[in-house]
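*Asks:* model this:
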Amino acid sequence: MKRRTEAEWRALFDQHQASGLTAADFCREYELSEKYFSLKRRKLGLRGPKLGSGFVAVAVTRPVRADTIEVQWDNRLKIQLPISVQPHWLSELLHALRD
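*Replies:* Predicted coordinates for the structure are as follows:
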């Protein structure tokens, strides 16, 4: 494993943030250990704040179709899901996108 300075790690985290990739995809692309990447980010205090209640802010707009819901994330991602999607799964998806 390549040794990196704190400045190099911070640059990597900035690059990850700008990439729009998930941590897993970013680590795979740059051949980094996902576990070490996450650990190092926390050690440097760069982990995003956790939502105390576990809720994610949403805005309700007009329905796309009666049997689907549409989720838009940071104007970068828009997905349509079946109305039957499990709330727990959707919550995990939104939390994963936040990372």
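
*Asks:* going by C-alpha atoms from here, please, whenever you check contacts or count neighbours.
*Replies:* Fine.

*Asks:* which elements pack onto the longest helix seen in the chain?
*Replies:* In the chain, with assignment by DSSP state H, the single longest helix is helix 6-19. Contacts defined by 3 or more Cα pairs under 8 Å, 6 or more residues apart in numbering; DSSP states H and E place helix 6-19 against helix 23-29.

*Asks:* and the helix or strand that the helix it packs on is followed by, which residues are buried?
*Replies:* Sequence-wise, the next helix or strand downstream of helix 23-29 (DSSP states H and E) is helix 34-43. Going by neighbour count (16 or more other Cα atoms under 10 Å), the buried part of helix 34-43 is 37-38, 40-41.

*Asks:* tell me the mean pLDDT for helix 34-43?
*Replies:* Across helix 34-43, the average pLDDT comes to 89.

*Asks:* now find how far off-centre it is within its chain.
*Replies:* Distance, stretch centre to chain centre, for helix 34-43: 14 Å (Cα atoms, centre = their mean, to the nearest Å).

*Asks:* next secondary structure after that helix?
*Replies:* Next element after helix 34-43 (DSSP H and E): strand 68-73.

*Asks:* the next helix or strand after that following strand vs strand 68-73, what angle?
*Replies:* Following strand 68-73 in sequence order, the next helix or strand is strand 77-82 (DSSP H and E). Angle of strand 77-82 versus strand 68-73, following axes from the mean of the first three to the mean of the last three Cα atoms, to 10 degrees, is 160 degrees.

*Asks:* so which elements touch strand 77-82?
*Replies:* strand 68-73.

*Asks:* packing partners of the strand it packs on?
*Replies:* Taking 3+ Cα pairs under 8 Å, 6+ apart as the contact cut, strand 68-73 packs with strand 77-82.

*Asks:* which helices and strands does the helix or strand just after the strand it packs on pack with?
*Replies:* Scanning forward in sequence from strand 77-82 by DSSP H and E, the next helix or strand is helix 87-98. Packing partners of helix 87-98 (3+ Cα pairs under 8 Å, 6+ apart): none among the helices and strands.
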